[in-house]
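*Asks:* Sequence first, then the predicted structure:
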Amino acid sequence: MEQTINERINKITGSACIDKELELEQDVEIKIKGSVVKVEDAGNNDGTKNRIFKVKLIEIEDIK
């Protein structure tokens, strides 16, 4: 029986330099470039599963 995907979760790892000062608790919108390095499924106890994408950060393209 095929399990339904309940959630698709992105986990981002890595770091990159930025050219702006940020304030503590400041809300920011960040556009990044990254590479998907792993995809895995984690089963839930209700017959569904979550699909987890692990993304390696390559660069930050924009911060607003």
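*Replies:* Structure received. Numbering: from 1, shown residues only.
*Asks:* quick check: longest strand of this protein.
*Replies:* strand 48-63 (DSSP state E).
*Asks:* Show me what the helix or strand containing Lys33 is packed against.
*Replies:* Take DSSP states H and E as the rule and Lys33 turns out to sit in strand 30-43. The contact analysis (3 or more CB pairs under 8 Å, 6 or more residues apart in numbering; DSSP states H and E) places strand 30-43 against strand 4-13, strand 48-63. (Each C-beta comes from the backbone N, C-alpha and C, glycine too.)
*Asks:* nearest to Glu40, of the ones you listed?
*Replies:* strand 48-63 (5.1 Å; CB to CB).
*Asks:* Quick one: work out the angle between the closest one and strand 4-13.
*Replies:* 40 degrees (axes from the mean of the first three to the mean of the last three CA atoms, to 10 degrees).
*Asks:* mind listing what's buried in strand 48-63?
*Replies:* Using 16 or more other CB atoms under 10 Å as the test for burial, strand 48-63 gives 49, 54-55, 60.
*Asks:* This completes my enquiry, with thanks.
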